[in-house]
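Trainee: Kindly generate the corresponding structure for this input.
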Amino acid sequence: IFGDYYHFRHRRVVKRSLSQNRGTHIRLHREPQVKWAEQQVVKSRKKRDIYSEPVDPKFAQQWYLYNTNHRDLNVKEAWKQGVTGKDVVVTILDDGIEKNHPDLEQNYDPDASYDVNDGDPDPQPRYTQLNDNRHGTRCAGEVAAVANNDICGVGVAYNAKIGGVRMLDGEVTDVVEAQSLSLNPQHIHIYSASWGPEDDGKTVDGPAKLAKEAFLKGVSEGRRGLGSIFVWASGNGGRDKDNCNCDGYTNSIYTLSISSSTQNGDVPWYSEACSSTLATTYSSGGLNEKQIITTDLRQKCTDSHTGTSASAPLAAGIIALALEANKNLTWRDMQHLVVRTSDPAHLITNDWKTNGVGRQVSHSYGYGLLDAAAIVAQAKNWTSVGPQQKCVISMLSEPRNIGSHLVISKTVDACSGKANFVSSLEHVQAQLTMSYNRRGNLGIYLTSPQGTRSTLLAPRPRDYSSEGFNDWAFMTTHSWDEDPRGEWTLEIENVAGTSDYGTLTQFTLVLYGTASASAGSSMPDSNQLPEEGCKTYDLSQICT
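Mentor: You can find the predicted model right below:
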């Protein structure tokens, strides 16, 4: 090497072996002229290159990635930590992906793509005069548009691999959904979906048998047991007073439900408020507010991508950054990280509340705006949470007349003393079966033992249905990390004040969580209030 230092290679020793070749070492040390000998080990070394911003022509206009006037998604600070989505695979479940788009082609992954509608491997969209099938290509660019190629803008995870599943450009059946949700689960890490049942303020619908099984197999077997990550847009039915808890995809415990905020931090006109939403990213707002820049059909670029459709792919990109930082995160770890690192500041609504463990949470925004740098930093030092526990409790001994206002309270021990004991909550479901002559007049609320009140269902004026609910699982994330032992209270109210009638025949409380407090990270919780309480608030009464 230099001077009297020499490097010997032994051909019979396995390359990069962690165990020493004892015989060789002994013989070397016995040589009278050998003063020192050591087996070489591979060391971890990072390049200390200086971070430089992407030079793509539209990057400066991507206000949600970099904004000097308002809070952004803190993506640049995540990039500075050396993560850009490398070796992470994301697929867009939609109407196809323009795989030869110059801003996607370099990152396109055929193994993460399929045409379920036509039954072939090519996810290329079907072109029409109105460009109806542009949705998937737009979502793909938000995640993984290539950086520094002088085309359009950049994706949040611009070194991730991106695929597309063409499944919305045809008849959508349970089989179509199940095939899409279960495509290549040992290769694909993240599935991003910006679709669901009709956002019309009157539909109650969700996954059927096969799609439910695909979700369950995904989280239990995908990514070699770590679990596939399903990111879902919360819905665009705000104008019709829709509620995303009536959407069985976005209120599933297996999906990471994402809502939207405008550039100015307001609730968009299309946004649906519900207790199953976990967090928020940016999207379009009013006429004078900017929209999302991304790839478009026919190898073009657009600055007008809108709705919660645009929010979910931004979240998928941020989650890809976190996965690059820590490949061993489970699907539940990722939800814990989102809860801990999302930031309520800058998001304006009148329903912010502090839950039983001191976190601020909202039906409009979940736990707040995703923070890419914060979730990446915590991911690097994250200790996986314990196994998921499930405690099922029957809360109703006999049918109850709903009338104008029904209250049911019961003290539970959360399966204490049993193998499925839950001491620290994640998701909570209220499975309800009821008849009611006008379903849309109902408001349904659930209050935890620590006093956190979740609106499971707000009134939906357009829902005239008399079908009620049949074993429908309303879900809330608002009691995350709370102790579930104590009194739970369900309220069902006819908010219209009319003489409607109905009967509650089933109320099952399902508690998901861990047997002990989540392990997590030693880093401080971005969302949690200090023990001494909040000292300063902004105009939205959010602790600063």
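
Trainee: Please name the residues that touch the closest residue to residue 436 other than its chain neighbours.
Mentor: The spatially closest residue to residue 436, leaving aside those adjacent along the chain, is residue 502, at 3.3 Å (C-beta to C-beta, 6 or more residues apart in numbering). In short, each C-beta sits where N, CA and C put it, glycine included. By C-beta atoms under 8 Å, 6 or more residues apart in numbering, the contact list for residue 502 reads 401-402, 434-437, 468.

Trainee: One more: residue 236?
Mentor: With C-beta under 8 Å, 6+ apart, residue 236 has these contacts: 199, 270-272, 307-309.

Trainee: which non-adjacent residue is nearest it?
Mentor: Using C-beta to C-beta, 6+ apart, the nearest residue to residue 236 is residue 270, at 4.3 Å.

Trainee: pLDDT wise, what is that neighbour at?
Mentor: Confidence at residue 270, expressed as pLDDT, is 96.

Trainee: Equivalent analysis for residue 497, please.
Mentor: At residue 497, the model reports a pLDDT of 81.

Trainee: Next: residue 85.
Mentor: If you check residue 85, the pLDDT there is 99.

Trainee: Tell me where the model's unsure across the stretch 51-200 of the chain.
Mentor: 51 (pLDDT under 70).

Trainee: Would you map the helices across it?
Mentor: Applying DSSP state H, counting those that start in this stretch to the stretch 51-200 of the chain gives helices spanning 75-80, 135-144, 174-181.

Trainee: In terms of secondary structure, what does the first one contact?
Mentor: Using 3 or more C-beta pairs under 8 Å, 6 or more residues apart in numbering; DSSP states H and E as the contact test, the elements touching helix 75-80 are helix 308-325, helix 372-380.

Trainee: Next: the second one.
Mentor: Contacting helix 135-144 under the criterion 3+ C-beta pairs under 8 Å, 6+ apart are the following elements: strand 89-94, strand 161-166, strand 292-296, strand 300-305, helix 308-325.

Trainee: Relative to the whole chain's centre, how far out is the third one?
Mentor: Between the centre of strand 292-296 and the centre of its host chain there is 21 Å, according to C-alpha atoms, centre = their mean, to the nearest Å.

Trainee: and that strand, what other elements does it pack with?
Mentor: For strand 292-296, the elements it packs on are helix 135-144, strand 300-305, helix 308-325, judged by 3+ C-beta pairs under 8 Å, 6+ apart.

Trainee: Make CSV out of those and add mean neighbour count and distance to residue 348.
Mentor: Shown next, in CSV, are the helices and strands packed on strand 292-296 (neighbours: other C-beta atoms under 10 Å; distance: least, C-beta to C-beta, whole Å):
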stretch, mean neighbour count, distance to residue 348
helix 135-144, 31, 24
strand 300-305, 18, 22
helix 308-325, 29, 16
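
Trainee: Compare the ones you listed and report which one is nearest to residue 185.
Mentor: Nearest to residue 185 among the helices and strands packed on strand 292-296 is helix 308-325; the distance by C-beta to C-beta comes to 14.5 Å.

Trainee: TSV for the helices and strands packed on helix 135-144, including distance to residue 344?
Mentor: Shown next, in TSV, are those (distance: least, C-beta to C-beta, whole Å):
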stretch	distance to residue 344
strand 89-94	27
strand 161-166	30
strand 292-296	22
strand 300-305	25
helix 308-325	16
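
Trainee: Go through those and name the closest to residue 36.
Mentor: Short answer: helix 308-325, nearest of the helices and strands packed on helix 135-144 by C-beta to C-beta, at 37.8 Å.

Trainee: That closest one: what's the following helix or strand?
Mentor: helix 331-341 (DSSP states H and E).

Trainee: could you give the angle of that following helix to helix 308-325?
Mentor: Note on geometry: by axes from the mean of the first three to the mean of the last three C-alpha atoms, to 10 degrees, helix 331-341 and helix 308-325 are set 110 degrees apart in direction.

Trainee: Show me how far helix 331-341 is from its chain's centre.
Mentor: Taking mean C-alpha positions (C-alpha atoms, centre = their mean), helix 331-341 and its chain are 8 Å apart.

Trainee: and that helix, what does it pack onto?
Mentor: strand 229-233, strand 255-261, helix 308-325, helix 372-380, strand 424-436.

Trainee: one step back: of all the contacts of residue 236, which comes closest to residue 428?
Mentor: Checking the contacts of residue 236 against residue 428 with C-beta to C-beta, the nearest one is residue 272 at 19.3 Å.

Trainee: Now do the SS call for that closest one.
Mentor: coil (DSSP: H, G, I helix; E, B strand; the rest coil).

Trainee: Can you give me the neighbour number for it?
Mentor: Residue neighbour count, defined by other C-beta atoms under 10 Å, stands at 32 for residue 272.

Trainee: That one: what's it in contact with?
Mentor: With C-beta under 8 Å, 6+ apart, residue 272 has these contacts: 199, 234-238, 242-244, 259, 308.

Trainee: roughly how far apart are it and residue 133?
Mentor: Residue 272 sits 25 Å away from residue 133, taking C-beta to C-beta, to the nearest Å as the criterion.

Trainee: Who are the contact partners of residue 81?
Mentor: Residue 81 touches 325, 373, 376-377, counting by C-beta under 8 Å, 6+ apart.

Trainee: Tell me which two in the contacts of residue 236 are the farthest apart.
Mentor: 272 and 309 (12.9 Å).

Trainee: Run through the bridge partners of residue 301.
Mentor: residue 295 (DSSP bridges).

Trainee: correct me, but it touches residue 152?
Mentor: Yes - contact criterion C-beta atoms under 8 Å: residue 301 and residue 152 qualify, at 3.7 Å.

Trainee: Name the helix or strand for the closest residue to residue 391 other than its chain neighbours, please.
Mentor: With sequence-adjacent residues excluded and distances taken as C-beta to C-beta, 6+ apart, residue 391 is closest to residue 415, at 3.8 Å. Residue 415 belongs to no helix or strand when assigned by DSSP H and E.

Trainee: And the pLDDT for residue 415?
Mentor: Value listed for residue 415 in the pLDDT field: 98.

Trainee: contacting residues for it?
Mentor: Residue 415 touches 389, 391, 393, 421-422, 511, counting by C-beta under 8 Å, 6+ apart.

Trainee: ok, now how distant is it from residue 361?
Mentor: Separation of residue 415 from residue 361 (C-beta to C-beta): 25 Å.

Trainee: same thing with residue 63?
Mentor: 26 Å.

Trainee: which one of the two has more residues nearby?
Mentor: residue 361 (27 against 19).

Trainee: do you know how far that one is from residue 285?
Mentor: Distance from residue 361 to residue 285, by C-beta to C-beta: 22 Å.

Trainee: now residue 487
Mentor: To residue 285, residue 487 is 41 Å away according to C-beta to C-beta.

Trainee: So these two - more neighbours on which side?
Mentor: residue 285 (22 against 11).

Trainee: close enough to count as contact, residue 74 and residue 376?
Mentor: No - using C-beta under 8 Å, residue 74 is not in contact with residue 376; the gap is 9.2 Å.

Trainee: quick one, domains of the chain?
Mentor: 88-380, 389-514 (automatic domain parsing).

Trainee: Out of those, indicate the one that is most buried.
Mentor: Most buried of those, by mean neighbour count (mean count of other C-beta atoms under 10 Å): domain 88-380, with a mean of 23.

Trainee: How about residue 205, nearest residue that isn't a chain neighbour?
Mentor: residue 197 (3.8 Å).

Trainee: Go ahead and confirm that neighbour touches residue 208.
Mentor: No - the pair residue 197 / residue 208 is not scored as a contact, 11.5 Å apart, by C-beta under 8 Å.

Trainee: any idea how far residue 324 is from residue 384?
Mentor: In terms of C-beta to C-beta, residue 324 sits 17 Å off from residue 384.

Trainee: again but with residue 431, I slipped
Mentor: Separation of residue 431 from residue 384 (C-beta to C-beta) stands at 28 Å.

Trainee: how about the nearest residue to residue 493, chain neighbours excluded?
Mentor: Excluding its sequence neighbours, the residue lying closest to residue 493 (C-beta to C-beta, 6+ apart) is residue 443, at 4.6 Å.
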